[in-house]
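> give me coordinates for this.
(chains A, B, C and D)
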There are 4 protein chains.
Amino acid sequence: MTTTQTSPSTSSADRLSGVVPPLLTPLTPEGEIDMASLERLIAHLLEGGVDGIFALGSSGEVAYSDDARRSQVLEAVTGFVAGQVPVIAGVIDMQTDRVIHHMRAAERFDLDGYVVTAPFYSITGPEEIDTHFRTIAAAADAPIWAYDIPVCVHTKLSPAHLLQLGTDGVITGVKDSSGDDVSFRRLAAMNRAAGSPLTLLTGHEVVVDGAYLSGADGSVPGLGNVDPAGYARMHRAAQAEDWALVRREQDRLAALFEIVFQPTDKVGPAAGIGAFKTALRELGVIATNNVTVPMSPIEGETVGRIRTILEQTGLLGGTDA
Amino acid sequence: MTTTQTSPSTSSADRLSGVVPPLLTPLTPEGEIDMASLERLIAHLLEGGVDGIFALGSSGEVAYSDDARRSQVLEAVTGFVAGQVPVIAGVIDMQTDRVIHHMRAAERFDLDGYVVTAPFYSITGPEEIDTHFRTIAAAADAPIWAYDIPVCVHTKLSPAHLLQLGTDGVITGVKDSSGDDVSFRRLAAMNRAAGSPLTLLTGHEVVVDGAYLSGADGSVPGLGNVDPAGYARMHRAAQAEDWALVRREQDRLAALFEIVFQPTDKVGPAAGIGAFKTALRELGVIATNNVTVPMSPIEGETVGRIRTILEQTGLLGGTDA
Amino acid sequence: MTTTQTSPSTSSADRLSGVVPPLLTPLTPEGEIDMASLERLIAHLLEGGVDGIFALGSSGEVAYSDDARRSQVLEAVTGFVAGQVPVIAGVIDMQTDRVIHHMRAAERFDLDGYVVTAPFYSITGPEEIDTHFRTIAAAADAPIWAYDIPVCVHTKLSPAHLLQLGTDGVITGVKDSSGDDVSFRRLAAMNRAAGSPLTLLTGHEVVVDGAYLSGADGSVPGLGNVDPAGYARMHRAAQAEDWALVRREQDRLAALFEIVFQPTDKVGPAAGIGAFKTALRELGVIATNNVTVPMSPIEGETVGRIRTILEQTGLLGGTDA
Amino acid sequence: MTTTQTSPSTSSADRLSGVVPPLLTPLTPEGEIDMASLERLIAHLLEGGVDGIFALGSSGEVAYSDDARRSQVLEAVTGFVAGQVPVIAGVIDMQTDRVIHHMRAAERFDLDGYVVTAPFYSITGPEEIDTHFRTIAAAADAPIWAYDIPVCVHTKLSPAHLLQLGTDGVITGVKDSSGDDVSFRRLAAMNRAAGSPLTLLTGHEVVVDGAYLSGADGSVPGLGNVDPAGYARMHRAAQAEDWALVRREQDRLAALFEIVFQPTDKVGPAAGIGAFKTALRELGVIATNNVTVPMSPIEGETVGRIRTILEQTGLLGGTDA
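Residues are numbered from 1 along each chain as shown, chains lettered A, B, ... in the order given. Got it, this is the predicted structure:
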């Protein structure tokens, strides 16, 4: 692997950390972006106390969004957020040139960072993964976050490689959705030993407490769309090392996360994003629980079970049921 | 699954079958499409006797090509082929709307078919895969081929589902790159029993002979870029049921395929496409063996080993070495 | 890898090849070995014209059989076969010493070979797999067959490694149940180029015809328990290079193999072995279709569907239904 | 799934929890059990304050041990432990009857529990996994622990199934080596809601702190062979909810765990068990770092790197180096 220095990493004082939810993309019944709902959702997050917003992540249905919709999302999100918190955006595509294409299209929105996965679809080796990140970073006008998500891209980024990319200024941080907590702890320890060139955020919303003990700087919780205030409270408690409170919030949020297991006829985002959108509709934040083709929205008894969980975890008043 | 009839399948007499190589995309040293080499490569294939051309498949570096390059390829290929054989094109992307976006961009080239994979990146269930193909077919101006390639998309299309899609007129055929010959035989038997609604092409260039015995209507051999005449001879022999000749050609082509195992420092397309391009450069068909970032071209001793194999299999005169 | 010469390989004239079914283990309703049924099953195979018998393979429920039952099976099988054809036996266990333990227990039955998988349960690397086969071969009193079955052991044996083991006299042949026909063709070509140190048998009963074209010396078909004569006819046709007949038999046998897809509520051996045993019971060869705990036998409408397939493929007279 | 009640679960007061290391099996240079080293290792664990001992787990090289050695281990361990703490034993084998065979052989050692994995080698479905555990429990003279270890058996036990087995008295607890911390948190929450029928131990030695937050009752740390006192301190700190201390111990133990990444030429147990044994030899607890065939022991510079880590984490005085 080459070790081209691309840019100095941002000083840690300025760095984005804390709670950075992967923003959902609310849709109209016809499948268009529902701008009013998106504005309300962003307000819901900002009021909840989030530290940043991650647009066009997996939870933002980036894989289902053509280029036109991707630009619409970024224009709307940066407009509604209006600089109140940093906005980073997923530039998710198969290989290097396609990722750079998305970055070029996003440049006019003055984003605070881009989130990049390992190459996918075609099989790639370690050298190519390294070239991929370095080529993209060299072409970027904002810091790059590595998105470690083997369930989607079928490659695990190794802690040693991530640290090297951080030390070389190629990436500023990692969003870890690997599900590999052993690897995450190793990464956190290596990072600390190297002077913390990387900001480490976990994507696993039900075990953020353990990730804080391991050394996470924050989280990117899909469930944070539904209960941003809960994640913000947990983050402040972690910073204060009030672990009893961290654990209590995490246990409640884990109970809330059970909404994603209610649609027994769906898998993947159709269940997860579908449940988040259904909950937000029941909470009055967004107008529909519509999802993009080929997914179909959650219907029937599942909605009732999701409402019950919202009540049990204190988000919905029982009298509404 | 719904059973919407989208369009009557083409009558079998008109159908594309036989040898349909997945066309490579020759590049200049700077990484642009090398139009002169592309024209020579297409002439090489047509002279070899291929029955059709599949542009923007995995071997065409579709995953590495941004939208602009994809259009350039289709414009050039349809121009050079000029109707001499059918041209079908990969519209490869993650989910339904992104695939339709590529189809819309390709419509002006008057293609003879589109090749579509199962959805990837996001996890999808059987119902969504079905909706994916039906939605795309309903939006298409030419027949749809299902591209079964679990090594890239991490989902296997089941024989029963493919047959249902064929019976319903959603797809016209299957390019099978699944590596699952048991499943392929089942698909061929089911298809025959149902009156052959599907044309079945195998993508596994070293076992096309066995696929013919199973009932394949032809092949989509990446190696067919290098030796189209060999695959064409094998196809004619199979149609004549001259199995001794089929086997002899296949054994020679399998020996030729060893070129892809020579680059011991590369995996996936960097080895496979890299070897095909290196062979074609050595044969004088294309100008460089350049491949798209993040891949790097084959160099050094590997080139010599590829030349030796070309000589041993009769494609290069020994005196050239 | 070391290259210890352990023993000269048998001359090819003496070698076991052709049809070598993995013998089922018929059970009484109480789960004991049904000796009368086992004797009839062996007679059925010998009358069908098989070239050898493979006891205690996956189809023989070896994974479900404690040591006492394994010995009972070998004693009974060698007794009933009585030297009419060679008998080889699976000595299937997790790691080297456990395999050798089974070999020691089997020595008194004067077997014609032992069938050994890659190590499993614990993760092992290439060097350990090599040591495993060499250590077992050095301790063996009969030739060793490598059993390439990644679906069970989660490791694929590479063609180059298998050939090296053959050249070094460590193994005499390969039973390929890898499902990787590309790899099998490479192995066959490498083996031929090296003077055929290995005998190559395929375990995939529905694509034996293609395997013959690739260079297989025979098959180990689970379905051969049900229709040994069909596999014997196909083998003789392949030796005579009568490919039309090979294909016709294979197509009929592939249609027969559909019995394993009838039990929609079962997976793996509970479906496959269960279907073979059900078919043999319906054919009057064995007394029950019982299988070992934790599997449960096939019941209900599935039995009728299996009978229908037996009729359609000519094994059961239609008037029996 | 049936819901046969097999036995009442032990009252929680009597239950084994806390630190239960999976005992290594020290070997002589000739590969026999080194009884003197085993006695010293057990003394090391008891002095370290462990709450129980798990013999014949993956770390005990159970997969490599024939039946005779398994019995030798249990006889020696129960003798050396002499009732000071509970001893549970792995009865690891492929399918139900083979597991029961090991249980029968172990009965005379009056063990405090048996540890059972999902069936492996042969593919099994949910119903068979359920039957497997219920059949074994019905035949057992001591409580059954479910060992969730998909990396070895290639099946993940679902939280809902484990809880059902616990509620029905089939299993008393779970050793979770699944690497799936999201699933573990769900299991812990479900278990708590059901009145805690299960004792939950984590096998992931570097993230035990997070597992305690999730609700673990203890750990089964392979690394606990090397530093039992560290795990015992962490457990007491967790019980006292002194999370700062928990985290500090865990960070130190995670740094110690880096010994398993030092042998860059080995994978799986050859690296892990090999590193644990090498560390214990350097600490003077056991005599050799020998491992069972087909593994080979760690040699050369790797030993020095392991010593350095032992020094850095306070287990070896620097002057010894």
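
> the closest residue to chain B within the stretch 101-250 of chain A sits in which helix or strand?
Nearest to chain B in the stretch 101-250 of chain A, going by Cβ to the nearest Cβ, is residue A:123, at a distance of 3.0 Å. C-beta: built from backbone N, CA, C; applies to glycine. Counting by DSSP states H and E, there is no helix or strand that carries residue A:123.

> let me see the contact set for it.
Applying Cβ atoms under 8 Å, 6 or more residues apart in numbering or on different chains to residue A:123 gives the contacts B:151-152, B:267-269.

> and it, how far from residue A:155?
9 Å (Cβ to Cβ, to the nearest Å).

> state the pLDDT value of residue A:317.
Taken from the predicted model, the pLDDT recorded for residue A:317 is 87.

> what is the burial count for it?
9 (other Cβ atoms under 10 Å in any protein chain shown).

> just give the nearest non-adjacent residue to it, would you?
Spatial nearest neighbour of residue A:317, excluding adjacent residues (Cβ to Cβ, 6 or more residues apart in numbering or on different chains): residue A:311 at 7.4 Å.

> again, but for residue A:132
residue B:294 (4.3 Å).

> tally of neighbours for that neighbour?
24.

> what does the one 5 residues further on give?
As a burial measure, the neighbour count of residue B:299 was computed by other Cβ under 10 Å and equals 12.

> before we move on, the earlier item: what's the most distant pair in the contacts of residue A:123?
Largest separation among the contacts of residue A:123 by Cβ to Cβ: B:152 and B:267, giving 13.3 Å.

> the two: which is more packed in?
Legend: neighbour count by other Cβ under 10 Å for residue B:152 and residue B:267, higher for residue B:152 (22 against 16).

> how about that one, what does it touch?
Counted by Cβ under 8 Å, 6+ apart, residue B:152 has contacts A:121-123, B:58, B:63, B:117, B:120.

> the residue nearest to residue A:132 falls within a strand, correct?
No - per DSSP: H, G, I helix; E, B strand; the rest coil, residue B:294 lies outside any strand segment and is coil.

> hang on, isn't it packed against residue A:131?
Yes - counting by Cβ atoms under 8 Å, residue A:131 is a contact partner of residue B:294 at 3.8 Å.

> tell me which helix or strand residue A:97 sits in.
Assigned by DSSP H and E, residue A:97 falls in helix A:96-106.

> contacting residues around that helix?
A:67, A:70-71, A:74, A:89, A:91-93, A:114, A:116, A:119, A:131-132, A:135-136, A:139-141, B:63-69, B:292-294.

> for residue A:92, give me its contacts.
Applying Cβ under 8 Å, 6+ apart, the residues near residue A:92 are A:56-58, A:62-63, A:99, A:102, A:115-117, A:147, B:121.

> which one (most neighbours) among the residues you listed?
Going by other Cβ under 10 Å, residue A:147 tops those with 30 neighbours.

> what residues does residue A:171 make contact with?
A:133, A:137, A:143-146, A:162, A:165, A:198.

> which SS class is residue A:147?
strand.

> hang on, isn't it packed against residue A:119?
No - in this structure, residue A:147 is not within contact of residue A:119 by Cβ under 8 Å, at 11.9 Å.

> max pairwise distance over the contacts of residue A:171: which two?
Pairwise over these, using Cβ to Cβ, the maximum falls at A:143 and A:162, 14.3 Å.

> the strands in the stretch 51-200 of chain A, which residues?
Under the criterion DSSP state E, counting those that start in this stretch, the stretch 51-200 of chain A contains strands at A:53-55, A:87-90, A:113-117, A:144-148, A:173-176, A:199-202.

> these into a markdown table, with extra columns for distance to residue D:33 and mean pLDDT?
A markdown table is the format used below for those (distance: least, Cβ to Cβ, whole Å; pLDDT from 0 to 100):
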| stretch | distance to residue D:33 | mean pLDDT |
| --- | --- | --- |
| strand A:53-55 | 55 | 98 |
| strand A:87-90 | 55 | 98 |
| strand A:113-117 | 49 | 98 |
| strand A:144-148 | 42 | 98 |
| strand A:173-176 | 42 | 98 |
| strand A:199-202 | 43 | 98 |
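
> give me the element the residue nearest to residue A:317 is part of.
Per DSSP H and E: helix A:301-312 holds residue A:311.

> and that helix, what's buried?
A:302-303, A:305-311 (16 or more other Cβ atoms under 10 Å in any protein chain shown).

> closest one of those residues to chain B?
Among the buried residues of helix A:301-312, and counting by Cβ to the nearest Cβ, the member closest to chain B is residue A:302, at 14.9 Å.

> the closest one contacts residue A:259, correct?
No - using Cβ under 8 Å, residue A:302 is not in contact with residue A:259; the gap is 9.2 Å.

> hey, what's in contact with both of the two?
residue A:278.

> quick one: low-confidence ranges for the stretch 51-200 of chain A?
Along the stretch 51-200 of chain A, the model assigns pLDDT under 70 to no residue.

> which bits of it sit near chain B?
With Cβ under 8 Å from any Cβ of the partner chain as the criterion, the stretch 51-200 of chain A meets chain B at residues A:58, A:63-69, A:92, A:94-98, A:100-101, A:119-125, A:127-132, A:135, A:151-154.

> now which of those would you call buried?
By 16+ other Cβ under 10 Å, those give A:58, A:63-66, A:69, A:92, A:94-98, A:100-101, A:119-125, A:127-132, A:135, A:152-154 as buried.

> looking at these, which are in helices?
Counting by DSSP state H, the part of these found in helices is A:69, A:96-98, A:100-101, A:127-132, A:135, A:152-153.

> picking up where we left off before, any chance of the strands of the stretch 51-200 of chain A in CSV, with distance to residue D:44 too?
Listed next are these as CSV, based on distance: least, Cβ to Cβ, whole Å:
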stretch, distance to residue D:44
strand A:53-55, 48
strand A:87-90, 50
strand A:113-117, 45
strand A:144-148, 38
strand A:173-176, 36
strand A:199-202, 35
